[in-house]
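S.K.: need a 3D model of the following:
(chains A and B)
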Amino acid sequence: MKALLIRDLRLATRAGGGFGLALAFFLIVCTLVPFGVGPEGGTLSRIAPGILWVGALLSCLLSLDRIFALDFEDGSLDLLATAPLPLEGAVAIKALAHWLVTGLPLALSAPVFGLLLHLPGPAYPWLVASLLLGTPALSMLGAFGAAVTVGLRRGGLLLSLLVLPLYVPTLIFGAEAVRRGAAGADPMTALVFLAAITLATLALAPFAAAAALRVNLR
Amino acid sequence: MSIWEYANPVKFMRTSGAILPWVVAGAAACTVTGLVWGFLTPEDYKQGATVKIIFLHVPAALMAINIWLMMLVTSLIWLIRRHHVSALAAKAAAPVGAVMTLIALITGAIWGQPMWGTWWEWDPRLTSFLILFLFYLGYMALWEAVENPDSAADLTGVLCLVGSVFALLSRYAVNFWNQGLHQGASLSMAPGERMAAVYRYPLYLTMAGFFLLFLALLLIRTRTEIRRRRLAALLARENRA
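M.R.: The predicted structure follows:
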C-alpha cells in the first residue's frame, strides 16, 4: 500500500501537468471572478466563500480522470486488480494520492486566494478547516466517478456530469461553514456535517469504485 | 407468479403484451377524465385559475421520485440476481422519470410566477428536484456511453445506488442551506389541513392516471429494449455466419 502511494505520488509530481495544474486552475478561477462580477470589495467578500469552494471543487474535478486512466491504458490497473491487495484498498490509496496532490495544496493555499477575493478576516481558519475536512470526500467521490468512466473514450465530459451532482452536499456544508465563519457565527454544525460526509464516503466509496472498476476490467 | 419467471424475456413479452392494452386504456381514461374534471373545478378564492396546475404538478412530482425508487429496486435486482429484464426496465424508466421531473419543475415555475412572483426560487424542494433531474441526466448519459450492455447495466446500477444516497443526502442538505418557500405535503390526512374534496378527488384520479401512464410507457419501452437486444443478437449471429 505504501509502495503504491509513493509510486502514485511520484507519477503525479514528476510526470508533469497533474500537480501544479489544479492550483493554477484555482488561481485562474479566482482571477476571473472579479472580472465577471466587478471589483467592489463588498460584493466580492460576500460571494468569496462560495467562489472559493466552487473553485476548489472544479480544480479537483480537473485531474480526476488521471486517477485511473493512465494505469488503465498501460495495463497496470489489471495488475493491481490481481494483486493480493484488495482493489478497494488500491482505490482508497489512489484517492488518497489524488487528495495529497490536489486537495491538500488547495486547502493550504486557499487563504492566499481568499485575500484576492477580500474574504472577511474571521473566515480564514474556517476556510482551511472546511477544505481540509471536505476535499477528501471530493477525491473519494471523484475516484468513484473515474472508476465508472475509465473504459470510455469520451469519459471526461461524462465524468463531470456524474460527479458534480454528487458534490452538492459537500459544497453546501463546506461553503456554509465558511459563510458562517465570515459572518462571525458558529460554523461547527456545518463542519460536523462535512466531517460526517467525508467519513461516510471514505468508508463506502471505495467499495462502489472497486465494483465499477471490476466491471470495467472484465 | 414471481418476478423471477419474468427474467425469461419470452414470458415477459407474452404477459406484458397481454396486459399492455388494458394499462394504456386505463392510463388514458384516468388521465383524461382527471385532467378534464380538474379543469372544470371552480377557481380557488386565493389562487384563481392557477390552482388547476396542481393536477399536473403533483402527479408528475410524485412519479418523478417514485420512478427513481423503482430504478433503484430494479438495479438492485439486476446487481444481485442478474435479472436481465429488470436491468432493461431500469433503463426504460429513466427517460420517463426525467420528463416527469421536468414537468414538475416547469409547471411549478408556471404556478410560481403569479403566486410567488418568481419563476424560480432556490428553495429546498425546487433545488432537490433540479438535482434529481441532473442525476437522471447522468444516469441516461452513462447508459448511452457504455457499449457492452451488461457492463452498462452494472455501471448504471452502481451509479443508481450511489446516486440514491446522494440524492437523499442533497434533499436534506438543502434544508440546511436555505429556508423553504414551497408548501408542505399536498395531501395531508389531518382533518383540518385536508384539501377540499372538489380538488382532492380529481387529484387522486390524475395521480392514478400518471401512475398507469408510467406503467404503460415502461412496458412499451422495456419491450422495445428487449426487441432491440434480440435484433442485435440476430445481427451478430448473421455476421458470424
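S.K.: could you find the closest non-adjacent residue to A:Ala175?
M.R.: The shortest distance from A:Ala175 to any non-neighbouring residue, by CB to CB, 6 or more residues apart in numbering or on different chains, is to A:Trp53 (4.2 Å). Glycine gets a C-beta too; all of them are placed from N, C-alpha and C.
S.K.: how many other residues sit next to the one you found?
M.R.: 27 (other CB atoms under 10 Å in any protein chain shown).
S.K.: thought it was touching A:Glu176?
M.R.: No: applying CB atoms under 8 Å as the test, A:Trp53 and A:Glu176 come out as separate, 9.2 Å apart.
S.K.: who in chain A is up against chain B?
M.R.: Chain A comes close to chain B at residues A:144, A:148-149, A:151-152, A:154-155, A:158, A:161-162, A:164-166, A:168-169, A:172-173, A:176, A:190, A:193, A:197, A:204-205, A:208, A:211-212, A:215-216, A:218, as judged by CB under 8 Å from any CB of the partner chain.
S.K.: show me what the top helix by length along chain B is packed up against.
M.R.: Looking across chain B with DSSP state H, the single longest helix is helix B:197-240. Under the contact criterion of 3 or more CB pairs under 8 Å, 6 or more residues apart in numbering or on different chains; DSSP states H and E, helix B:197-240 touches helix B:9-40, helix B:54-81, helix B:84-116.
S.K.: re the thing from before, residues contacting the residue nearest to A:Ala175?
M.R.: A:Ser130, A:Leu131, A:Gly134, A:Leu171, A:Gly174, A:Ala175, A:Val178 (CB atoms under 8 Å, 6 or more residues apart in numbering or on different chains).
S.K.: and which of the residues you listed is nearest to B:Thr41?
M.R.: Distance to B:Thr41, by CB to CB, is smallest for A:Leu171 among the contacts of A:Trp53, at 41.9 Å.
S.K.: I'd say the closest one and A:Gly55 touch.
M.R.: No: with contact defined as CB under 8 Å, A:Leu171 does not count as touching A:Gly55 (11.1 Å).
S.K.: identify the contacts common to the two.
M.R.: Counting by CB under 8 Å, 6+ apart, no residue touches both A:Leu171 and A:Gly55.
S.K.: how close does the residue nearest to A:Ala175 sit to chain B?
M.R.: Between A:Trp53 and chain B the distance is 12 Å, computed by CB to the nearest CB, to the nearest Å.
S.K.: what backbone torsions are found at that residue?
M.R.: phi -70, psi -40 (degrees, to the nearest 10).
S.K.: how about A:His118?
M.R.: Torsion angles, degrees, to the nearest 10, at A:His118: phi 60, psi 40.
S.K.: identify the residues contacting it.
M.R.: A:Gly41, A:Leu44, A:Ser45, A:Ala48.
S.K.: now do A:Thr149
M.R.: Here A:Thr149 is in contact with A:Asp65, A:Gly155, A:Gly156, A:Leu158, A:Leu159, A:Leu162, B:Leu142, B:Ala145 (CB under 8 Å, 6+ apart).
S.K.: for chain B, where's the lowest mean pLDDT among helices and strands?
M.R.: helix B:149-177 (a mean of 86; mean pLDDT, DSSP states H and E).
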